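Engineer: Curious how this folds, go ahead:
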Amino acid sequence: NVEWNCPNQTAAGAIFLSSSTTIGGNFNIVSTGSGSIIGGGTTARNLSVGGNMNVLGGTYFAIGGNGSSAGNVVVTVAQNLTVSGGNFSMVFGQSGATTASGALTVGGNLAVGGGTLTILTGTTSTSSGISSMTVSGNTSVTAGTLNLTDATSGNAGGVTATLRGNLAISGGTISRAGTLPATVNFGGTSPQTYSKSAGTISGAVNFAILQGATVNFGTSFLDGSSGTFTLNSGGAIGLGDPAGITTSGATGNIRVSGTRTYSTGGVYIYNGSASQATGSGLPATASSLIVSNTGGIVTLGANVSVTSNLTVSAGAFDLGSFTANRASNGGTVTVANSAALKIGGTNTFPTNYLNRVLQPGSTVEYEGSAQSVAALAYGNLTTSGSGIKTLLAGATSIAGDLNIGVGTTFNAVTNSFSLAGNLTNNGTAFSFSG
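Structural biologist: Residues are numbered from 1 along each chain as shown. Modelled structure (predicted):
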């Protein structure tokens, strides 16, 4: 373990690493007085910490901070990085700097609870290579500043931060200033959570969900940023806000003021605890659509064409007068036990799904006007709204109850069906013909 605690160090007393350095245990920076530790001035000196790195005070520049700097510096922390005071800067470029960039890798959690963690600052006029930060565990900002960049010139690639765990903001600031782009990528292989109860996102910070990543936003807002949001193809977004996702304005989970891009190859999960609208951000085509609402109804706001699967695992999905048909034959539509699919207008059951899994405790409700009732193996079957609900030819079974609602007629025509549960007829008629 190494602890640096030199409160009498002076501004003229910058300490330079003479070569790439490995610390097998923990590295604690408590004080550098009015001076600093510089990993590399004109030459990059990599730092590898086998345990935790704790910045409680002082100033550490991984590269730069003392005249012209060059190279790509790598700082690797095998376990957790905690910044609770002081100033830890990966790249401090200065006038005349050349090819200065840095890569910070944290194998555990990143916690910013005070002080400042900066990835790229200063001037890197001819810099090459994107400066980056990768965090394998969770990232939390409770106080202080996570400054992605405030550089005024340099590589157009700017800064990329890839987070593979949760991001929790309960204080402090995540910022981007200067002229270079800064992007936060959610890139986990297990589901991630974004939460924001306090604190600030400042400047044009871009956010993206990468292919293979799933991010649940709960009821938190991704707001404050003037940057962009992108859900990439193969990525998944979990939405808990009552307004779902929107293309602009301060509604829904995503509220950045830049462009919001929702891929047609994305997976959209509505998992709130109260009723939700899908929102204007749901594209006309989606890879998969999942409703897992624990406290209400999710209402579709426009037709959506699904290219993979439609799943109602909890709550109710109300199509209204719209459709959620599959774009081509294949895939699976699932309605789980205790969940419901409500079909309105003159529409029938969603079409083009090769597999239709309606669990015994599920409910399908035809709630529109005159509708055709698809021949399927239902759990519970309910009619409501108005008009005649006409059973189509084919094998139909009802594992639970058949409820014929007020103002409707269930017309089986000449088609037979099996009913394992109860028949409740509050409708105009229950009829057969032939």
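
Engineer: And the helix or strand harbouring Thr118, what does it pack against?
Structural biologist: If you go by DSSP states H and E, Thr118 is part of strand 110-122. Packing partners of strand 110-122 (3 or more CB pairs under 8 Å, 6 or more residues apart in numbering; DSSP states H and E): strand 81-93, strand 98-106, strand 131-135, strand 139-149, strand 159-163. Heads up, the C-betas are built off the backbone N, CA and C, glycines and all.

Engineer: nearest to Val2, of these?
Structural biologist: Taking CB to CB, strand 81-93 is the member of the helices and strands packed on strand 110-122 nearest to Val2, at 14.8 Å.

Engineer: quick one: that closest one to strand 139-149, angle?
Structural biologist: If you take axes from the mean of the first three to the mean of the last three CA atoms, to 10 degrees, strand 81-93 sits at 10 degrees to strand 139-149.

Engineer: rewinding a little: so for Ser48, which of the helices and strands packed on strand 110-122 sits nearest?
Structural biologist: Ser48 lies closest, by CB to CB, to one member of the helices and strands packed on strand 110-122: strand 98-106, at 9.5 Å.

Engineer: From Ser34, how far off is Ala11?
Structural biologist: Noted for Ala11: a distance of 5 Å to Ser34, by CB to CB, to the nearest Å.

Engineer: and those two? which has more neighbours close in?
Structural biologist: Ser34 (14 against 11; other CB atoms under 10 Å).

Engineer: Tell me who's in contact with that one.
Structural biologist: 9-11 (CB atoms under 8 Å, 6 or more residues apart in numbering).

Engineer: Secondary structure element for the most centrally placed residue in the chain, which one?
Structural biologist: A centroid search over the chain (CA atoms, centre = their mean) returns Val215, at 2.9 Å, as the residue closest to the centre. Val215 is part of strand 214-216, with elements assigned from DSSP H and E.

Engineer: swap in Ile201?
Structural biologist: Secondary structure from DSSP H and E places Ile201 in strand 192-202.

Engineer: what is the mean pLDDT for that strand?
Structural biologist: In this model, strand 192-202 has a mean pLDDT of 98.

Engineer: Show residues contacting the next helix or strand along the chain from that strand.
Structural biologist: Along the chain past strand 192-202, the next helix or strand (assigned with DSSP H and E) turns out to be strand 205-209. For strand 205-209, the surrounding residues in contact (CB under 8 Å, 6+ apart) are 148, 174-176, 181-186, 215, 222, 225, 227-232, 235-237, 256, 258, 266.

Engineer: First-to-last residue distance for stretch 384-404?
Structural biologist: End-to-end distance of stretch 384-404: 7 Å, with CA to CA, to the nearest Å as the criterion.

Engineer: which parts of that stretch are buried?
Structural biologist: Under the neighbour-count criterion of 16 or more other CB atoms under 10 Å, stretch 384-404 has 384-391, 396, 398-404 buried.

Engineer: Tell me who's in contact with Asn8.
Structural biologist: Asn8 neighbours (CB under 8 Å, 6+ apart): Gly33.

Engineer: I should have written Lys389 there, sorry.
Structural biologist: Lys389 sits next to 366, 370-373, 383, 408-411 when contact means CB under 8 Å, 6+ apart.

Engineer: Helix or strand: which one has it?
Structural biologist: With DSSP H and E as criterion, Lys389 is part of strand 387-391.
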